[in-house]
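Asker: Give me coordinates for this.
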Amino acid sequence: MAAAAASYELTNLGFGFRPVPTFIPSKTCFTRNLLRKHQIYRSVSCSLVNKQQQQQSVDQVSFSKDENSLIEALIGIQGRGRSASPLQLQEVDRAVQLLEASESISDPTSSSLIEGRWQLMFTTRPGTASPIQRTFVGVDFFNVFQEVYLQTEDQRVSNIVKFSDAIGELKVEAAASVKDGKRILFRFDKAAFSFKFLPFKVPYPVPFKLLGDEAKGWLDTTYLSKSGNLRISKGNKGTTFVLQKTSEPRQRLLSAISTDTKVRKEIEDFLAMNQKEAKGEQQLLEGEWSMIWSSQMETDSWIENAANGLMGTQIVKGNGGLKFLVDIVLGLKFSMTGTYSKSGTDLYEVIMDDAAILAGPYGLPVEIDSKFNLELLYADNKLRITKGYKNTIFVHIRVEGANKK
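Answerer: Below you'll find the model as predicted:
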């Protein structure tokens, strides 16, 4: 009954899984219509939702001021909340409460805006549920989605983990019913893996029919944006979920980096979009910045990587000081300090010439220096994109607690 126990924990969190290609809800809907009689309305509903979602992916993303506050709080949080610090959780909770107290769609379960595929961006309990929940939801490399179809005779809520385009997906489906304007009742009834390299689905081995009430749950929608882009829901175990249909540009870039999917193209698109909207000269902001991606991930040695900022953390000081800090192993750190000075519009000259390997309060000097030009391609209080050593593109995320300009 280990699988049954895992399923029980999973269903009560309101998130489970099965497969469907990323942007083919229409195919899923069409298949269900063939399998069930008198489902013409469902086919029309799914088709309309798909068209709306496709249009949203083309249109400019629109979020209100309070919604942007929540988006801003989510930027930089990894594992959909798994690695969030207490301060980050406080910021998200404050933004969630503000939205829940604001005006939104009054009866979300009866609105067409709740229909369709939603991407899970954050949950307050990504690693405390079943082994499946811990394995998938807190891993940035996987995308997690929820599909909601209520305006049909066959009401369904499905939770999906997409491993990759090449591997496939896992999906758990639930029969759903609407209790009131906010609450959806559901009972999980089937689940399967869908692998790209297999011509058939692999059933997820949980006997839902034998679980009885343990396969049941409910999901409240406490906020649904009028644009249909953002939803906040709470499960029957008190878990809060933040889901989006359309991601903010920085979120799309960070998602591409997390899943290692078309990162260069996403960076190019992001920079092109921001060049059109840029106003004035950008500044190299003070604070602690952690590198999450570079176009040149490896060189001849780790010390060369560290010396040229290809790994670790950068600490930018207002007096023109710059520090690279890299964790090596067993408490050892590599530290290198230097200076930066403005040499043109969005251009800086960087000289790093004081290096050491640190072990607690002790340091062993290292004879190494590095000099290169740094071009600031994009910067805000959370995200920074630069071009540095050997024209390498860097993406940095601001570390919590860093002073904001």
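Asker: which ones are touching the spatially most central residue of the chain?
Answerer: By C-alpha atoms, centre = their mean, the chain has its centre lying nearest to residue 121, at 4.8 Å. For residue 121, the contact set (C-beta atoms under 8 Å, 6 or more residues apart in numbering) comprises 74, 80, 242, 243, 244, 247, 251. In this view, the C-beta of every residue, glycine as well, is placed from N, C-alpha and C.
Asker: What strand or helix carries the residue nearest to it when sequence neighbours are not counted?
Answerer: Nearest residue to residue 121, sequence neighbours excluded (C-beta to C-beta, 6 or more residues apart in numbering): residue 242, at 4.9 Å. Element membership for residue 242 (DSSP states H and E) is strand 240-244.
Asker: What is the subsequent helix or strand relative to that strand?
Answerer: As assigned by DSSP H and E, the chain's next helix or strand after strand 240-244 is helix 249-259.
Asker: what separates that next one from the chain centre, distance-wise?
Answerer: Centroid separation between helix 249-259 and its chain, computed with C-alpha atoms, centre = their mean, to the nearest Å, is 7 Å.
Asker: which other helices and strands contact the next helix or strand after that helix?
Answerer: Going down the chain from helix 249-259, the next helix or strand is helix 263-277, by DSSP H and E. Here helix 263-277 is seen to pack against helix 249-259, strand 370-379, strand 383-387, strand 393-398 when contacts are counted using 3 or more C-beta pairs under 8 Å, 6 or more residues apart in numbering; DSSP states H and E.
Asker: at 6 Å instead, please
Answerer: Judged by 3 or more C-beta pairs under 6 Å, 6 or more residues apart in numbering; DSSP states H and E, helix 263-277 is in contact with helix 249-259.
Asker: so where's this structure shaky on pLDDT?
Answerer: Within the chain, the set of residues satisfying pLDDT under 70 comprises 1-61, 125-138, 278-279, 297-300, 401-405.
Asker: Could you list the domains of it?
Answerer: The record's domain parsing of the chain by automatic domain parsing lists 2-249, 262-398.
Asker: returning to that earlier point: ok, residues contacting the strand holding residue 242?
Answerer: Contact partners of strand 240-244, identified using C-beta atoms under 6 Å, 6 or more residues apart in numbering, comprise 118, 119, 120, 121, 122, 123, 124, 230, 231, 232, 233, 234.
Asker: now do stretch 262-274
Answerer: 249, 253, 256, 257, 377, 378.
Asker: Format these as JSON lines; extra columns: neighbour count and distance to residue 389.
Answerer: As requested, those are exported to JSON lines (neighbours: other C-beta atoms under 10 Å; distance: C-beta to C-beta, whole Å):
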{"residue": "249", "neighbour count": "16", "distance to residue 389": "26"}
{"residue": "253", "neighbour count": "22", "distance to residue 389": "21"}
{"residue": "256", "neighbour count": "19", "distance to residue 389": "22"}
{"residue": "257", "neighbour count": "17", "distance to residue 389": "19"}
{"residue": "377", "neighbour count": "19", "distance to residue 389": "14"}
{"residue": "378", "neighbour count": "20", "distance to residue 389": "18"}
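Asker: would you turn these into CSV with distance to residue 268?
Answerer: Shown next, in CSV, are the contacts of stretch 262-274 (distance: C-beta to C-beta, whole Å):
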residue, distance to residue 268
249, 12
253, 10
256, 11
257, 14
377, 10
378, 12
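Asker: What is the nearest of those to residue 325?
Answerer: Nearest to residue 325 among those: residue 257, at 20.9 Å, using C-beta to C-beta.
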